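In: Got a sequence here, can you build the structure:
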Amino acid sequence: MLSSSPYRDVKVIDVARKAGTSPATFYQYFPDVEGAVLEIAEQMAAEGAGLTELLAGRSWVGKAGWQTAQDLVDGFLDFWRKNDAILRVVDLGAAEGDKRFYKIRMKILNSVNNSLTETVKELQAKGKVDKELSPAAVAGSLVAMLAAVASHQKGFQSWGVKQAELKPSLALLVHLGITGKKPTR
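Out: Residues are numbered from 1 along each chain as shown. So this is what the prediction gives:
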């Protein structure tokens, strides 16, 4: 329902009908539509924490580094597309200052941000990345870019940017941001 109507237009009676139950049954589980949305968002955030698996134990050197960047971009964009409707509501709530939605958004983004921060630190320790860079700033910038692009995928299409063009461009930026080098393809 969130993908076909504005969040604030979704009513308990509509949700109950769609679920084949009564509003009374709905209220046994949730105080209101927002409560149900928060439950769905929490489940989605738990799935989003799995995005770290795209980075765990992966190399950023040579062709493997290029593959890591591509896999991260693919996974991030796919996650956003799959959860677009609920993520729009989470973003709206967070932007309006609702701490519950803000925490959910940060849970998703922090999983990738923390992994990328550790990656930059590891590469710095090996002398492969400039030690003057702030790992958290690099990671945070890349994650913010990925989130902004992911949430605007439909907008890119209206600009004439095809998904097949978007992914390699993002992967290049991620690879450059993490390693400071053009990828080996």
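In: mind checking how far the most far-flung residue of the chain relative to its centre is from A46?
Out: Relative to the centre of the chain, the most outlying C-alpha is that of A24, 34.5 Å out, by Cα atoms, centre = their mean. Distance, A24 to A46, using Cβ to Cβ, to the nearest Å: 29 Å. In this view, the C-beta of every residue, glycine as well, is placed from N, C-alpha and C.
In: ok, and for stretch 98-118, which residues are buried?
Out: 101-102, 104-105, 107-113, 115-117 (16 or more other Cβ atoms under 10 Å).
In: ignore the last one, stretch 30-40
Out: Residues of stretch 30-40 classed as buried by neighbour count (16+ other Cβ under 10 Å): 33-34, 36-38, 40.
In: Identify all contacting residues around stretch 160-170.
Out: Here stretch 160-170 makes contact (Cβ atoms under 8 Å, 6 or more residues apart in numbering) with 70, 73-74, 77, 145-146, 149, 153, 156-157.
In: In PyMOL, how would I select just the buried ones from these?
Out: Filtering the contacts of stretch 160-170 down to the buried ones (16+ other Cβ under 10 Å) takes a single PyMOL command:
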select buried, resi 70+73+77+146+149
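In: you'd agree Y27 is up against T21?
Out: No: the criterion here is Cβ atoms under 8 Å, and Y27 misses it with T21 at 10.4 Å.
In: hey, where'd the helices end up in the chain?
Out: Per DSSP state H, the chain carries helices over the ranges 12-19, 23-29, 33-48, 62-82, 84-95, 99-125, 135-151, 153-158, 163-179.
In: What helices and strands are in contact with the fifth one?
Out: Which is helix 84-95. Counting contacts by 3 or more Cβ pairs under 8 Å, 6 or more residues apart in numbering; DSSP states H and E, helix 84-95 is packed against helix 33-48, helix 99-125, helix 135-151.
In: how about Q153, what does it touch?
Out: 77, 80-81, 163, 166.
In: make it 10 Å
Out: Applying Cβ atoms under 10 Å, 6 or more residues apart in numbering to Q153 gives the contacts 77, 80-81, 84, 161, 163, 166.
In: per-residue confidence for it?
Out: Q153 carries a pLDDT value of 84.
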